[in-house]
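K.L.:
Sequence and predicted model, in that order:
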Amino acid sequence: MIRWAHVKTIFHKEFLDTVRDKKTLLMNLGLPIVVWPVLAVFLTEFAASQMARQQERVSRIALVGDNVEPLAAAVAKQTQINLVHLAKGLTWDFSEPVEHSVPGKRGQRRAEEAPKSPGHRQVETLIQDDMIDLVIVCETEHAGPYTNKRLRILADYTIPHSAAAAGRAEELLERLAQDALAVRLEALGLAQAQLEPWGVTSEDVAPMQKTVATVAGRVLPLLLIVLIVLGGFYPAIIMTAGEKEHGTLPTLLCAPINHLELMFGKYLAILVQALTGVFTNLISIMAVVQLGLGDLPIAASPMIFLGAFIALIPVAMLYTALFMTVAIFANSFREAQNLLSPFTFVAIIPAYAALLPGIKLNALTALAPGLNITLLIKQMMVQDLTPMLAIMTLVSNLFWTVVVLTFAARLFASEQVLLAGRKGIADVLTVNRNALPHPDQRIALIYFCCILVSTVYLSGVLASIDLALYMLVAQLGVYFCGGFAIVRYFKMSAKRVFRLRAPRPLAMIGAVLIGCSLFLPNLWIAQLTPMPAAFEKALTEALRLTDTTYPIWALLLLVAFLPALCEEFAFRGLILSGLRADMKPVTAILLTAFGFALAHFSSFRMLPLFITGLILTYAAWRTGSIWVGFTIHLLNNGIAVLLVRHGEVIQETFGLSEDFQPPLPWILAATGVCVLGIFLISISGAEPEEIDCTKPLAYTT
């Protein structure tokens with residue numbers, strides 16, 4: 001039970017320590033008030049001066065080719081363009097290079113950068129040496145009685161003054177081309193309007209406020225997330241690892257408070273400090289915008305900033321909880337910095353999604369922490385936000401916050417963690433091979449990270465070369481042999497770690513029922529996050545599901561049997577056993593299922609994969625046998641292969657739609673069969689296979 005009076009006392013103590021630190025107050029409150037106005041004035045002045053200098057700069061243009069005299073005369077009349085006469089003897093061969101291809105990633109043929117002609121290399125050298133800004137190549141071609149000019153502008157668009165010169169040259173040449181066209185039409189007795197039956201113009205109907213809000217909606221969420229990360233980073237370290245390092249945390253443990261009161265007191269203090277820093281920065285930015293400092297060409301209502309701050313509170317709650325949870329593992333300030341640094345990237349990178357065109361807040365993105373709040377603020381600014389999505393975003397962030405705080409509560413309840421006695425992940429590298437009789441969380445996490453990294457690199461290197469080679473190396477080499485190597489090295493019991501005992505017949509009946517029916521509910525669930533046709537086609541081609549060079553038995557072996565066997569040994573074997581050593585069954589099952597879905601690297605299939613992983617993990621835990629989950633996995637994969645390979649026949653036979661969507665009665669019936677299978681597994685009579693952390697296991701295989 002939480003006594004909120006004690007929480008208030010802890011919060012008051014932590015907050016008072018912060019207020020007493022004048023340097024912290026100056027950095028969090030005073031610095032933003034000074035920095036933003038100064039930045040607004042000086043940056044806008046600097047940008048304006050740079051643009052003015054760019055406009056005042058005279059562009060240097062060289063002309064090469066046939067009959068350049070008329071063009072040279074026109075260029076000589078321009079005030080911001082100087083004609084440069086190049087030295088004789090330079091090479092001006094602009095013949096088209098021959099394109100060629102080389103093998104690229106995933107077995108495709110990619111076009112290598114075409115070799116440059118001598119003329120292109122010459123122009124590049126002249127621009128790099130700052131002798132000219134661009135070259136105009138004049139070529140003459142004859143079309144009947146007329147002589148036409150073909151002009152090519154060669155510039156280096158990575159250099160600002162060369163790109164500006166190209167803009168001026170394009171404007172000049174367009175004007176000269178229109179004049180030449182008018183002369184030719186006049187000679188033929190035609191009006192220019194006769195050649196333009198359609199006049200096309202485009203106009204922006206969006207009001208100025210929406211345009212400004214759109215621009216601000218791309219930048220402001222990223223800025224706010226960065227401010228939240230910076231605001232919660234150091235307070236989380238100071239109140240956890242810092243106190244452990246200075247020895248003040250044990251003093252708090254002597255007080256008549258429980259671990260939840262201690263955790264919530266510190267958490268609220270960190271959250272308030274982070275929000276205070278963000279609020280101060282927002283007030284300063286709003287003042288700069290409203291007062292027009294620095295002649296910023298934008299205007300925004302204060303309600304936009306207020307709404308952005310309110311929307312930011314849930315994600316601030318999540319990130320500060322995450323930082324506090326990670327920092328409590330550290331035993332010193334320096335160690336906490338090293339632990340939290342990767343998590344700052346995890347927190348900031350989703351905010352960049354606001355810069356991507358086309359991505360919007362929907363039922364899927366509303367569930368993604370970090371990403372959802374950036375899209376929420378972005379759409380709120382352009383007044384394109386539905387209340388339901390806003391509520392989903394709020395509930396999602398609160399849910400993830402509760403998950404993180406639940407884990408943090410377990411850590412604060414452990415004196416081994418609070419008193420710097422808990423082993424870290426890196427300690428696995430130095431542990432005696434005879435001192436680890438069973439896998440733990442560290443082993444499971446390291447093994448899972450190896451699976452993720454190897455899957456990414458092997459899919460890029462081997463998948464395009466040969467499917468069989470990739471499956472053998474990735475599945476057998478990493479998933480299967482990697483797990484067995486860890487078990488053999490630490491002399492663990494392979495039979496208990498991988499749950500190799502024979503299953504009960506009733507459990508196998510349930511596994512067959514689930515394996516034969518699970519694909520139908522998954523097809524319906526996949527409609528919630530439909531995969532683009534291009535992605536689905538690429539996945540089908542990568543797995544060679546429509547490649548007739550692979551017989552059906554080979555595909556069933558490589559795509560159905562091998563992944564079912566190896567992934568079950570990895571996730572329902574070593575990873576589940578490692579998590580169960582230190583976690584409750586529900587937590588271990590949820591994390592194993594989430595890792596199983598994540599390892600498939602498909603955001604579109606994340607939900608059905610997670611549900612499948614839940615069923616597989618529960619079956620392995622409940623029966624104590626990996627073969628139950630293997631049976632479900634094998635049947636599910638095999639049916640998926642048959643659906644893709646013989647899709648047309650199945651559609652005609654059962655009257656399915658082109659997207660394989662079965663009727664609702666079929667889905668309900670299949671769901672009922674799945675529930676029946678899960679029920680049979682739960683009553684199969686086998687006791688869950690447990691690993692007792694207090695008893696060493698004998699080495700048996």
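P.N.:
Everything's here; your move.
K.L.:
Neighbours of the closest residue to Arg57 other than its chain neighbours, how many?
P.N.:
Nearest residue to Arg57, sequence neighbours excluded (C-beta to C-beta, 6 or more residues apart in numbering): His161, at 5.8 Å. Bear in mind the C-beta positions are built from the backbone N, C-alpha and C, glycine included. For His161, the neighbour count with other C-beta atoms under 10 Å is 19.
K.L.:
residue contacts, His161?
P.N.:
Counting by C-beta atoms under 8 Å, 6 or more residues apart in numbering, His161 touches 54, 57, 59, 133.
K.L.:
Which secondary structure element of the chain has the lowest mean pLDDT?
P.N.:
Lowest on mean pLDDT, DSSP states H and E among the helices and strands of the chain sits strand 109-111, with a mean of 41.
K.L.:
Extract the CA atoms of whichever helix or strand comes after it and return them as CSV.
P.N.:
Downstream of strand 109-111, the next assigned helix or strand under DSSP states H and E is helix 118-128. C-alpha atoms of helix 118-128 as CSV (Å, rounded to 0.1, in the frame of the first residue of the first chain):
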residue,chain,number,x,y,z
PRO,A,118,36.5,14.1,-69.9
GLY,A,119,34.4,17.2,-70.3
HIS,A,120,32.5,16.6,-67.1
ARG,A,121,35.6,15.9,-65.2
GLN,A,122,37.1,19.2,-66.5
VAL,A,123,34.1,21.2,-65.4
GLU,A,124,34.1,19.6,-62.0
THR,A,125,37.8,20.5,-61.6
LEU,A,126,37.2,24.1,-62.6
ILE,A,127,34.3,24.6,-60.2
GLN,A,128,36.2,22.9,-57.3
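K.L.:
next SSE after helix 118-128?
P.N.:
Downstream of helix 118-128 (by DSSP H and E), the next one is strand 134-143.
K.L.:
State the helix or strand in which Ala62 lies.
P.N.:
Going by DSSP H and E, Ala62 is in strand 59-65.
K.L.:
which ones are touching the residue lying closest to Ala588 once chain neighbours are set aside?
P.N.:
Sequence neighbours aside, Leu579 is the residue nearest to Ala588 in space, at 3.9 Å (criterion: C-beta to C-beta, 6+ apart). By C-beta under 8 Å, 6+ apart, the contact set of Leu579 is 441, 444, 587-588, 591-592.
K.L.:
ranking these by neighbours, who comes first?
P.N.:
Thr592 (29 neighbours).
K.L.:
Which element, helix or strand, includes it?
P.N.:
Counting by DSSP H and E, Thr592 is found in helix 585-598.
K.L.:
what is the orientation angle of the helix or strand following that helix with helix 585-598?
P.N.:
Later in the chain than helix 585-598, the nearest helix or strand by DSSP H and E is helix 606-623. Angle, helix 606-623 to helix 585-598, by axes from the mean of the first three to the mean of the last three C-alpha atoms, to 10 degrees: 140 degrees.
K.L.:
Just want the most central residue of this protein.
P.N.:
Nearest to the mean C-alpha position of the chain, counting by C-alpha atoms, centre = their mean, stands Pro350 at 5.9 Å.
K.L.:
Low-confidence ranges, the stretch 1-150 of the chain, go.
P.N.:
1, 21-28, 30, 89, 91, 96-115, 143-144 (pLDDT under 70).
K.L.:
swap the cut-off to 50 and go again
P.N.:
Scanning the stretch 1-150 of the chain for pLDDT under 50 picks out 100-112.
K.L.:
ok, Pro662 touching Phe519?
P.N.:
No. If you go by C-beta atoms under 8 Å, Pro662 and Phe519 don't touch, sitting 9.5 Å apart.
K.L.:
From the neighbour counts alone, determine which of the two ranks first.
P.N.:
Phe519 (21 against 18).
K.L.:
Excluding chain neighbours, what is closest to the more buried one?
P.N.:
Nearest one to Phe519, counting by C-beta to C-beta, 6+ apart, is Ile639 at 5.0 Å.
K.L.:
tell me which residues of the top helix by length along the chain are tucked away?
P.N.:
Using DSSP state H, we find that the single longest helix of the chain is helix 259-291. For helix 259-291, burial by neighbour count (16 or more other C-beta atoms under 10 Å) applies to 259-286, 288-289.
K.L.:
now do stretch 61-69
P.N.:
In stretch 61-69, counting by 16+ other C-beta under 10 Å, buried: 61-65, 68.
K.L.:
could you give the mean pLDDT of stretch 679-697?
P.N.:
For stretch 679-697, mean pLDDT is 60.
K.L.:
Show me what the strand or helix carrying Ile391 packs onto, helices and strands only.
P.N.:
Using DSSP H and E, the element containing Ile391 is helix 387-412. Counting contacts by 3 or more C-beta pairs under 8 Å, 6 or more residues apart in numbering; DSSP states H and E, helix 387-412 is packed against helix 259-291, helix 302-327, helix 371-381, helix 415-418.
K.L.:
got TSV for those helices, with distance to Arg605 too?
P.N.:
Formatted as TSV, those follow (distance: least, C-beta to C-beta, whole Å):
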stretch	distance to Arg605
helix 259-291	35
helix 302-327	25
helix 371-381	18
helix 415-418	36
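K.L.:
chain center to whichever helix or strand Val641 is part of: distance?
P.N.:
Using DSSP H and E, Val641 maps to helix 626-645. Offset of helix 626-645 from its chain centre (C-alpha atoms, centre = their mean, to the nearest Å): 29 Å.
K.L.:
now the angle from it to helix 606-623?
P.N.:
Going by the same axes, to 10 degrees, helix 626-645 makes 150 degrees with helix 606-623.
K.L.:
Look at Val403 and report its pLDDT.
P.N.:
87.
K.L.:
same deal with Ser602?
P.N.:
On pLDDT, Ser602 comes in at 82.
K.L.:
That one: how many residues sit nearby?
P.N.:
By other C-beta under 10 Å, 15 other residues sit near Ser602.
K.L.:
That one touches Phe596, doesn't it?
P.N.:
No. Using C-beta under 8 Å, Ser602 is not in contact with Phe596, being 11.9 Å away.
K.L.:
Let me know the helix or strand that Leu339 is in.
P.N.:
helix 333-348.
K.L.:
Can you tell me which helices and strands that helix packs against?
P.N.:
Using 3+ C-beta pairs under 8 Å, 6+ apart, helix 333-348 is in contact with helix 208-237, helix 302-327.
K.L.:
Columns distance to Ser95, mean neighbour count and mean pLDDT on top of those helices, output as JSON lines?
P.N.:
Conversion of the helices and strands packed on helix 333-348 to JSON lines gives the following (distance: least, C-beta to C-beta, whole Å; neighbours: other C-beta atoms under 10 Å; pLDDT from 0 to 100):
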{"stretch": "helix 208-237", "distance to Ser95": "44", "mean neighbour count": "21", "mean pLDDT": "80"}
{"stretch": "helix 302-327", "distance to Ser95": "56", "mean neighbour count": "22", "mean pLDDT": "85"}
